[in-house]
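# Model the following, please.
(one chain, ligands or ions: 1)
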Amino acid sequence: MSYDDFSEHVIMLQDSVRTLAYERAIREVVRPGMTVLDFGCGTGVLSLFAARAGAERVYAVDKAAIVHAAEAIARRNGCKQISFIRTEGEGFTLPEKVDVLVSEWMGIFVLRENMMPALLSARDAHLRPGGVMIPRAVGWSCAFIIDEAFYRERAFFDDRPYGIDFSLVRDWAFADVQWRSLTPSQLSIAFPLQSLDIAAAQREPDCIQGATSFPHPVTAYGICGWFDAQLSEGEKLDTSPSAPPTHWKQLLFPFARPVVLAADDKVSVDIRPVRAEGRRMSWRWSVKAARETVWYDDFSYRAHLLTK
Ligand SMILES: C[S@@+](CC[C@H](N)C(=O)[O-])C[C@H]1O[C@@H](n2cnc3c(N)ncnc32)[C@H](O)[C@@H]1O
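Sure, this is the predicted structure:
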């Protein structure tokens, strides 16, 4: 994904659940006379919301060329209090500390785009002590996928297709996360994973973990993960399957074999982003039930193919 592709910005702007939630949060937080940093401004939509809420000065910063279009859009809308800055490298300078730092930085399952480290540096460099972050917190949640069709779609090698024994590569069909929306009827009861205070966070989490138990047996075919963002005191953006759909959808982590959970058994999940230089971002995920932990990932089979 590249933010130099305008289509990415169209997708985000067409996501009115996302965009209107930000507009409401900005209206709640930004008061006339305040200064605002819009970090990763894209088309400048959040800067325009801040200006409309009465901000005296807005600094709109982006590393992509879209910032030039954002500047033209602001001028066309008669908005003069926004300064646009294209940041090519790590840091950028501002003439003052800001009262509010607003940013729509969350990737798929929050971590996919790896924007959090840059956001935290921008916070430390440019937000005044006691200033407000929008969003102020993010929280992850998940449910187990209980729809057997999700498993069957990948288990087709079990039926010896075309009369060929594909059993050696059977599990590779499960070794890919899927970015897709599910419905609550395909899922167990949801449970929270961890959350992160964006005003205080020092670094991106290495893993997202949580545990639960169910009052009845559950057969799990994978994990469906999502997040919510507390944009302001009164505004929460929820990307769960039971909330209005957003462009984030959910992220699905399949199990190569069904995991059968007994009633009241403790079950834990652990989901980890794996970043390596020169390689696309990968995931590892595990489920621990009845003292057995099973790990999966979406990269070892590629490594296996490349070493042959
Ligand atoms: C998810 S988009 C949000 C765009 C816009 N704020 C909106 O709400 O429609 C994230 C933006 O952050 C920018 N970005 C990503 N990493 C950045 C960084 N390290 N420094 C500056 N901008 C960055 C991208 O180019 C992209 O335009």
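
# near the ligand, which residues of the protein?
3, 12, 40-43, 45-46, 61-64, 66, 87, 104, 115, 118 (C-beta under 6 Å from any ligand atom). The C-beta positions use only the backbone N, C-alpha and C, and glycine is treated the same way.

# Which parts of stretch 157-176 count as buried, going by neighbours?
157, 171-175 (16 or more other C-beta atoms under 10 Å).

# Give me the distance between the residue lying closest to A276 once chain neighbours are set aside and the ligand.
Excluding the flanking residues, the one nearest A276 by C-beta to C-beta, 6 or more residues apart in numbering is S282, at 7.7 Å. Distance of S282 to the ligand, given as C-beta to the nearest ligand atom, to the nearest Å: 20 Å.

# Could you double-check that S282 lies in contact with Y301?
No: the pair S282 and Y301 does not pass the contact test of C-beta atoms under 8 Å, sitting 11.0 Å apart.

# What helix or strand is V294 located in?
Assigned by DSSP states H and E, V294 belongs to strand 292-297.

# Give the partner strands of that strand in its sheet and their orientations.
strand 282-289 (antiparallel) (DSSP bridges).

# pLDDT averaged over the strand it pairs with - what is it?
pLDDT averaged over strand 282-289 equals 97, rounded to a whole number.

# could I get that strand in PDB with only the CA atoms?
Coordinates of each C-alpha in strand 282-289 appear next as PDB, following Å, rounded to 0.1, in the frame of the first residue of the first chain:
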ATOM      1  CA  SER A 282       4.500 -10.800   8.800                       C
ATOM      2  CA  TRP A 283       2.500 -12.200  11.700                       C
ATOM      3  CA  ARG A 284       2.900 -15.000  14.300                       C
ATOM      4  CA  TRP A 285      -0.100 -16.100  16.300                       C
ATOM      5  CA  SER A 286      -0.800 -18.800  18.900                       C
ATOM      6  CA  VAL A 287      -3.600 -20.300  20.900                       C
ATOM      7  CA  LYS A 288      -3.000 -22.000  24.200                       C
ATOM      8  CA  ALA A 289      -5.700 -24.300  25.600                       C
END
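
# Just the residues contacting stretch 104-111, thanks.
12, 18, 22, 39-40, 42, 46, 113-116, 118-119, 135, 138, 140, 179, 204-205, 208, 225-227, 229, 248-249, 251, 271, 273 (C-beta atoms under 8 Å, 6 or more residues apart in numbering).

# run the last query once more with 7 Å
22, 40, 46, 113, 115-116, 119, 138, 140, 179, 204, 225, 227, 229, 248, 251, 273 (C-beta atoms under 7 Å, 6 or more residues apart in numbering).

# Which of the residues you listed fall within helices?
22, 46, 116, 119 (DSSP state H).

# So which residue is dead centre in the chain?
V110 (2.0 Å; C-alpha atoms, centre = their mean).

# Okay, and the beta partners of that one?
G107.

# between the buried residues of stretch 157-176, which is closest to the ligand?
Proximity of these to the ligand was ranked by C-beta to the nearest ligand atom; the top entry is A175 with 27.5 Å.

# Count the neighbours of A243 for me.
A243 has 13 neighbouring residues, counting by other C-beta atoms under 10 Å.

# got it, and E113?
15.

# Also C79?
Residues near C79, counting by other C-beta under 10 Å: 17.

# Ok, A262 next?
13.

# go on, K288?
By other C-beta under 10 Å, the burial measure for K288, its neighbour count, is 17.

# partners of it in the sheet?
Counting by DSSP bridges, K288 is bridged to S268, T293.

# residue ranges with poor pLDDT in the stretch 101-250 of the chain?
Scanning the stretch 101-250 of the chain for pLDDT under 70 picks out no residues.

# Can you show me the strands along it?
Using DSSP state E, counting those that start in this stretch, the strands of the stretch 101-250 of the chain run over 127-134, 137-144, 178-180, 191-197, 208-212, 218-232, 235-238, 250-261.

# helices or strands next to the second one in the packing?
What that stands for is strand 137-144. strand 191-197, strand 218-232 (3 or more C-beta pairs under 7 Å, 6 or more residues apart in numbering; DSSP states H and E).

# which one of the ones you listed is the most hemmed in?
Among the helices and strands packed on strand 137-144, strand 218-232 has the highest mean neighbour count (mean count of other C-beta atoms under 10 Å), at a mean of 24.
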